[in-house]
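Engineer: Okay, structure incoming, though there's no sequence with it:
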């Protein structure tokens, strides 16, 4: 829905651009159910901004991103086993998300999903993930 061409003279980070783009889309009057993006935009500040606006999100995350199965014990996602239905995990400084691992060629890809607070995260499975991702 929106994009920016990186301009070094603006002295903005990719996260600044994300915040600007999201604010602009909302100013247009659009109310997306989900915001999606690659791992470069999956910073906690951006995730919290999406959550504050009561939208869900799907973001890629890097394989070294740390999550917790039990709040307080942190492990990189690449080191965890995961079922096809996804796995509920704690994301540091954010809270619970559902994590999915898919494969592209021989490389694992890691994605996190958060549904708006009124939605049912428990029953969101791989078919739902694939539909949203596609």
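Structural biologist: Thanks, I have the structure now. This is a predicted model, so every value here is computed, not measured.
Engineer: need the next SSE after the lengthiest helix in the chain, C-terminal direction.
Structural biologist: In the chain, taking DSSP state H as the definition, the longest helix is helix 14-27. Past helix 14-27, heading to the C-terminal end, the next element that is a helix or strand (DSSP states H and E) is strand 34-37.
Engineer: for that next one, the distance to its chain's centre please.
Structural biologist: Between the centre of strand 34-37 and the centre of its host chain there is 7 Å, according to Cα atoms, centre = their mean, to the nearest Å.
Engineer: Can you work out which other helices and strands pack against it?
Structural biologist: Here strand 34-37 is seen to pack against strand 56-61, helix 126-133 when contacts are counted using 3 or more Cβ pairs under 8 Å, 6 or more residues apart in numbering; DSSP states H and E. In short, each C-beta sits where N, CA and C put it, glycine included.
Engineer: Can you tell me which of those is most buried?
Structural biologist: Burial among these, expressed as mean neighbours by mean count of other Cβ atoms under 10 Å, is greatest for strand 56-61, which shows a mean of 20.
Engineer: quick check: angle from the longest strand along the chain to strand 56-61?
Structural biologist: Secondary structure of the chain per DSSP state E: the longest strand is strand 95-104. Regarding strand 95-104 and strand 56-61, their directions subtend 60 degrees when assessed with axes from the mean of the first three to the mean of the last three Cα atoms, to 10 degrees.
Engineer: Cool, thanks, talk later.
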